[in-house]
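Chemist: here is my input, please return the structure:
(2 chains)
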Amino acid sequence: MGESWFHREFLTPKRLAFNVFFYGSHLAFFVYGWHSQATNNKLAALNGLKFSVWTSRGAGLVLAYDGGLILLPMLRNIIRVIRPKLTWLFPADENIWFHRQVAYSMAFWAMIHTTAHYVNFINVERTQVRPQLALQIHYTQPGGITGHFMLLIMLLMYTTAHHKIRNQCFEAFWYTHHLAFFFMIGLYTHATGCFVRDSANPDYIPTFPFYSTEHCLGYESWRFIIWPGLIYFGERVYREIRARRATKLSKLLVHPSGAMELRINKPSFKYTAGQWLFIQVPDVSRWQWHPFTITSAPEDPYVSVHIRQVGDWTQALGERVGAGPSVVAALTQAAMKGGEKDEKDDTLFGSRGDFVELDPSSVNRSLPVTRIDGPYGAPAEDVFNVEIAVLVGAGIGVTPFASILKHIWYRQRSGHLGSLRRVEFFWICRDAPSFGWFQSLLQEVEAAQADPNFLRINIYLTQKIGDDMLWNIAVNDAGADYDPLTLLRSRTMFGRPDWKSIYGRMRQAIDSGQYLPGTNSELKTTVGTYFCGPTPIAKAIKEATVQNSSASVNFTFAKVSFEGREVQFCYADIYIGALLSFVSCTAATHLRPGAIYVFYVG
Amino acid sequence: MGKLIWHEYSRYVSITASVYTVWAGYFGLLYRKFFWDFVNGIRRNPGGIQPAKQDAFFINIMVKAPVIQTISIILGLVILALEYPAPFMKGTAVHRSLITRVMLLVFQVFFAILFYQGTNGAIWSLVAIFGYTRAIMIGEVMKDAKDNKSKRERA
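Modeler: Numbering: from 1, shown residues only, chains lettered A, B, ... in the order given. The predicted structure follows:
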């Protein structure tokens, strides 16, 4: 996007370092694999096959390396623990990006390796260096059988993992990707049966590992690369156990905007603001786990997620709990009416109607069994280490800030704000009404502010506005206490924010001491920006922070970036190359399993 | 849950299978071997399989002259041109025909299964055939079929 491929891959220091290390290490393994085969006197007979055997051994070693790497980025729990300590090493939350790079590399080297072996085996047959036929090696020996099976599995896994397929039928991707279990078994046993040997026939022994290392001269790579596989397996088992701990869906609220709020009690579930979890409702789908951002603060006595009925799973969930589309539509209509009435009544807070708590007895079915797994994603605790926090949520990227804002509010109430003095919250959205539930949360937070300067909410609506709406706003806005669109005290702004001028003005205000009373220009002020949303906006903000940093004001930037998958989101071009592509901007929190709504503050 | 559009999925399988087959066909030119020569053949040391006399026809078209391999390469490229699609294929009736794809892939299986390197390409093509057949069975239509109509029809 915009910049050339060369610029992106080679002129960005971090990416350049990655490329040099990643492809350099692959090449090094290939060269080592090639060299140690070619110079091994014991394998002189095999070396009669010349280039093909050197290539296959080299590429085989590289594939072992990739096989060891491919599961590392999927060790979610371990990554959650170690990543905050190694932020300099991990480029934000690019674990799935890394997974994909390894997969691409694997496909390439598999091609090299397979091609070389096709040449090897035909030459083995011709020269009879081993008394075997090519097809016997291909289809009767472990190496051949597992190899062909792994290729078939790769065909199925790669094709279903294409972002287009993942978007239209996530289940096809999710279930097919579990073939990885058989793939890994194939990988670890690929070189079994004493495949690389200095004798014409394999030298088996009766004890583990059932071959003698005297005559079986493979790289024994499985002894190294099996560990990530075992750890991953253990992690999946652990996740299953953890998910089975006592969990109760205590309340289900339906907000007028159509969002369902699930309040879940799980005493063993500990999390911090801004993390996400997987949720499973066996009644709806026995096996599927769906990721959602946590919208409650750690101080809340429950864990909540907000779910909009936008995908098939969420709709099925709505049906199951008796809040199907028809119910929600009726609610929304009533709420819209309620909103108008409220404004006429001139109550203290305008609102678009209240949420409705679903009464299980009215639908003749109890609330469904719910299980949650998590939390994932890094905590946003360092908000309290800066003087000024700028929180920017764009589109769906606003969801993590629900929890963060609530958390700040709780800490503010108990007086544990750390060094945090002011919060600027920016919400950039195409159309506000679809985020009704978030709006009501903002109302609560805004209303609770004793100090009018502590939290400032800036809402930018980027959608094109028709004439009718324009007049409507003009008529309703003048002289009203609340913004006609959001019913907040803060006014909605229209169009895209100009970050350079926003940060420029902020720096001036800080320098002149107007922004934070009591500070003077001798003290260094740190302004931390936390952003969640599409990359182009992130770039614009980052540029503005770099430009405006000065001796007295230090602007830092952290991308709370996310990856996930939901058909209903927008950013199609923005996330090309990322795990998913979004289709429309309107949906709120619902994402799908596996693909993962990773969210991280660096 | 979720709705898999079978012909869109099969396209990726078909492309992968065809690329594999073209590559296999290329190596089939360099290392020529009749896949089924073991059926009646005998093993020589050295020399490998000596095919039976009655298989002379296959040896002629695969080992003596790599006819099958060449056909496989060309056919694979044709399928790729159709699937990708190549600019001249875009908007043609053939491009939006699923049954054409099935036919071409059946031929691809038929040719690829004959030579030593083509086995996987053939098996993968079978997967694509399965997918396209499923698409035809449930009545899927290619999405850009409406773009393929003539200008008069569209208006």
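
Chemist: chain B contacts on the stretch 1-150 of chain A?
Modeler: Selection of the stretch 1-150 of chain A residues close to chain B by C-beta under 8 Å from any C-beta of the partner chain yields A:111, A:115, A:118-119, A:122, A:125-128, A:131, A:133-135, A:138, A:148. For glycine as for every other residue, the C-beta is placed from the backbone atoms N, C-alpha and C.

Chemist: if I look at residue A:211, how far off is residue A:159?
Modeler: The gap separating residue A:211 from residue A:159 is 35 Å, by C-beta to C-beta, to the nearest Å.

Chemist: any idea which residue sits dead centre in chain B?
Modeler: The centroid of chain B falls nearest to residue B:108 when counting by C-alpha atoms, centre = their mean (3.0 Å).

Chemist: those residues of chain B touching chain A, which are they?
Modeler: Residues of chain B lying near chain A (C-beta under 8 Å from any C-beta): B:1-5, B:8-9, B:12-13, B:16-17, B:23-24, B:27, B:31, B:33, B:35, B:38, B:43-49, B:116-117, B:119-120, B:123-124, B:127.

Chemist: these in strands, which ones?
Modeler: Secondary structure assignment by DSSP state E places B:43, B:44, B:48, B:49 of the residues of chain B next to chain A in strands.

Chemist: ok, what's across the strand from the residue nearest to the second one when sequence neighbours are not counted?
Modeler: Looking back up the chat, that one is residue B:44. Among residues not flanking residue B:44 along the chain, residue B:50 sits closest, at 5.1 Å (C-beta to C-beta, 6 or more residues apart in numbering or on different chains). Beta-bridge pairing for residue B:50 (DSSP bridges): residue B:42.

Chemist: tell me the buried residues in the longest helix along chain B?
Modeler: Ranked by residue count and defined by DSSP state H, the top helix of chain B is helix B:6-30. Buried residues in helix B:6-30, counting neighbours by 16 or more other C-beta atoms under 10 Å in any protein chain shown, are found at B:6-28.

Chemist: what's the most distant pair in the residues of the stretch 1-150 of chain A next to chain B?
Modeler: Largest separation among these by C-beta to C-beta: A:111 and A:131, giving 29.2 Å.

Chemist: comparing those two, which residue is more hemmed in?
Modeler: Applying other C-beta atoms under 10 Å in any protein chain shown to residue A:111 and residue A:131 shows that residue A:111 carries more neighbours, namely 15 against 12.

Chemist: find the nearest non-adjacent residue to residue B:69, please.
Modeler: Counting by C-beta to C-beta, 6+ apart, residue B:69 lies nearest to residue B:28, which is 3.7 Å off, once chain neighbours are set aside.

Chemist: compute the distance between that neighbour and residue B:121, please.
Modeler: Using C-beta to C-beta, residue B:28 is found at 10 Å from residue B:121.

Chemist: ok, of the ones in strands among the residues of chain B next to chain A, which come out buried?
Modeler: Buried members of these, counted by 16+ other C-beta under 10 Å: B:48, B:49.

Chemist: can you list the ones in strands among the residues of chain B next to chain A in CSV and add pLDDT?
Modeler: Compiled in CSV, these are given as follows (pLDDT from 0 to 100):
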residue, pLDDT
B:43, 87
B:44, 86
B:48, 86
B:49, 89
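
Chemist: domains in chain A, by residue range?
Modeler: Structural domains assigned to chain A are A:5-241, A:248-373, A:378-599, following automatic domain parsing.

Chemist: looking at those domains, which has the lowest confidence?
Modeler: The minimum mean pLDDT among the domains of chain A belongs to domain A:378-599 (a mean of 67).

Chemist: gap between residue A:77 and residue A:372?
Modeler: Distance, residue A:77 to residue A:372, using C-beta to C-beta: 14 Å.

Chemist: who has more neighbours, these two?
Modeler: Per other C-beta under 10 Å, whichever of residue A:77 and residue A:372 has more neighbours is residue A:372, with 24 against 18.

Chemist: the helix or strand where that one lies pairs with which strands?
Modeler: Assigned by DSSP states H and E, residue A:372 belongs to strand A:371-376. For strand A:371-376, the paired strands and their directions (DSSP bridges) read strand A:276-280 (antiparallel).

Chemist: ok, and for the partner strand, which residues are buried?
Modeler: For strand A:276-280, by 16+ other C-beta under 10 Å, it's A:276, A:277, A:278, A:279, A:280.

Chemist: pretty sure the third one sits against residue A:288.
Modeler: Pointing back at residue A:278 there. No - in this structure, residue A:278 is not within contact of residue A:288 by C-beta atoms under 8 Å, at 9.3 Å.

Chemist: get me the contact residues on chain A for chain B.
Modeler: For chain A, the contact set with chain B under C-beta under 8 Å from any C-beta comprises A:111, A:115, A:118-119, A:122, A:125-128, A:131, A:133-135, A:138, A:148, A:151-152, A:155-156, A:158-160, A:162, A:164-165, A:168-172, A:285, A:288, A:312-313, A:316.

Chemist: and whichever residue of the stretch 301-450 of chain A sits closest to chain B, its phi and psi?
Modeler: The nearest approach of the stretch 301-450 of chain A to chain B comes at residue A:312, 4.5 Å away (C-beta to the nearest C-beta). Dihedral pair for residue A:312: phi -70, psi -40, per degrees, to the nearest 10.

Chemist: tell me the spacing between it and residue B:3.
Modeler: To residue B:3, residue A:312 is 8 Å away according to C-beta to C-beta.

Chemist: who's in contact with residue A:213?
Modeler: residue A:220 (C-beta atoms under 8 Å, 6 or more residues apart in numbering or on different chains).

Chemist: can you classify it by secondary structure?
Modeler: Per DSSP: H, G, I helix; E, B strand; the rest coil, the local secondary structure of residue A:213 is coil.

Chemist: looking at chain B, which helix or strand is least sure?
Modeler: Scoring the helices and strands of chain B by mean pLDDT, DSSP states H and E places helix B:151-154 at the bottom, with a mean of 54.

Chemist: what bits of chain B have low per-residue confidence?
Modeler: Residues of chain B that meet the criterion pLDDT under 70 lie in B:1-2, B:143-155.

Chemist: cutoff 50 now
Modeler: B:148, B:155 (pLDDT under 50).

Chemist: can you give me the helices in it?
Modeler: Under DSSP H, chain B gives helices at B:6-30, B:56-59, B:67-83, B:98-112, B:119-137, B:151-154.

Chemist: check the contact between residue A:449 and residue A:455; I expect there is one.
Modeler: Yes - taking contacts as C-beta under 8 Å, residue A:449 lies within contact range of residue A:455: 5.5 Å.

Chemist: higher neighbour count, the two?
Modeler: More crowded of residue A:449 and residue A:455, by other C-beta under 10 Å: residue A:455, with 22 against 16.

Chemist: state the three-state secondary structure for the closest residue to that one other than its chain neighbours.
Modeler: Once flanking residues are discounted, residue A:455 sits nearest to residue A:423: 4.8 Å by C-beta to C-beta, 6+ apart. Taking three-state DSSP as the rule, one finds residue A:423 in the strand state.
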